[in-house]
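[1] 3D, please:
(chains A and B)
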Amino acid sequence: AQSVTQLGSHVSVSEGALVLLRCNYSSSVPPYLFWYVQYPNQGLQLLLKYTTGATLVKGINGFEAEFKKSETSFHLTKPSAHMSDAAEYFCAVSDSSNTGKLIFGQGTTLQVKP
Amino acid sequence: GAVVSQHPSRVICKSGTSVKIECRSLDFQATTMFWYRQFPKQSLMLMATSNEGSKATYEQGVEKDKFLINHASLTLSTLTVTSAHPEDSSFYICSAGIYRDLGGYTFGSGTRLTVV
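    Okay, here's the model as predicted:
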């Protein structure tokens, strides 16, 4: 069965510091992996996704993630945090049925301190 | 890019009444729409899969008679919460895409339902 674990429900960084949000997955099939951001009372915005090919994926707003099969990880990083990055972040893996269903992690709240 | 509109964004209803939430794909035809539910400070849980022209498929534990889903066209799916109760208060989000296009689903902006 597919599952996603996000390590750390709450991450706090200073403005300008490195952002690292951790995600580990379990998948019985080659996974499609996603990172989404959610602002309060809003839907999900896709930051980036890994389907096949290059394992280092670049997304919007300066975020990137690296797919590491050996570690079953897909951690999200950004070199320098901005205040506007404060939000909830969700890692997700495609369901093994490959119909488009997503299995989400529990989410990580990113706080950015001035 | 693909745009999915969800309406209403916020609704308050009385206990015992029904509420309909719409999910529209504005610039593409969506053969499949997913409906998720999100409780405060929690993750998204899939409720059901809606395929155009066929009956919705519900996840285990989701009452299909309570959460009625209709996907009558390639651009519109609706979720009706029937006989709503306070415990149905939640954030409901849809996503729309093409069947089996794993990387191509777009999320709506969500609907905050409050049952009083």
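[2] What is the neighbour count of residue 52?
    With no chain named, the answer covers chain A. 9 (other CB atoms under 10 Å in any protein chain shown). To be clear about C-beta, it is placed using only N, CA and C from the backbone, and glycine gets the same treatment.
[3] not what I meant, chain B
    Neighbours of residue B:52 using other CB under 10 Å come to 17.
[4] residue ranges of the strands in the chain, please?
    Just going to use chain A. Assignment of strands within chain A using DSSP state E yields the ranges A:3-7, A:10-14, A:19-26, A:33-38, A:44-50, A:56-58, A:64-68, A:73-78, A:87-94, A:102-104, A:108-113.
[5] You answered for a different chain; I wanted chain B.
    For chain B, strands defined by DSSP E occupy the ranges B:4-7, B:10-13, B:19-25, B:32-38, B:44-51, B:57-58, B:67-73, B:76-81, B:90-97, B:106-107, B:111-115.
[6] and stretch A:85-105, how far out from the chain's middle?
    8 Å (CA atoms, centre = their mean, to the nearest Å).
[7] Also stretch B:88-104?
    Going by CA atoms, centre = their mean, where stretch B:88-104 is centred and where its chain is centred differ by 7 Å.
[8] and it, which residues are buried?
    Using 16 or more other CB atoms under 10 Å in any protein chain shown as the test for burial, stretch B:88-104 gives B:88-98, B:102, B:104.
[9] doesn't residue A:98 make contact with residue B:32?
    No - between residue B:32 and residue A:98 there is no contact under CB atoms under 8 Å: 11.8 Å.
[10] Between these two, point out the one with more neighbours.
    Ranked by neighbour count (other CB under 10 Å), residue B:32 and residue A:98 place residue B:32 first, with 21 against 14.
[11] Contact partners for the more buried one?
    Neighbouring residues of residue B:32 by CB atoms under 8 Å, 6 or more residues apart in numbering or on different chains: A:99, A:100, B:49, B:50, B:51, B:52, B:96, B:97, B:98, B:99, B:105.
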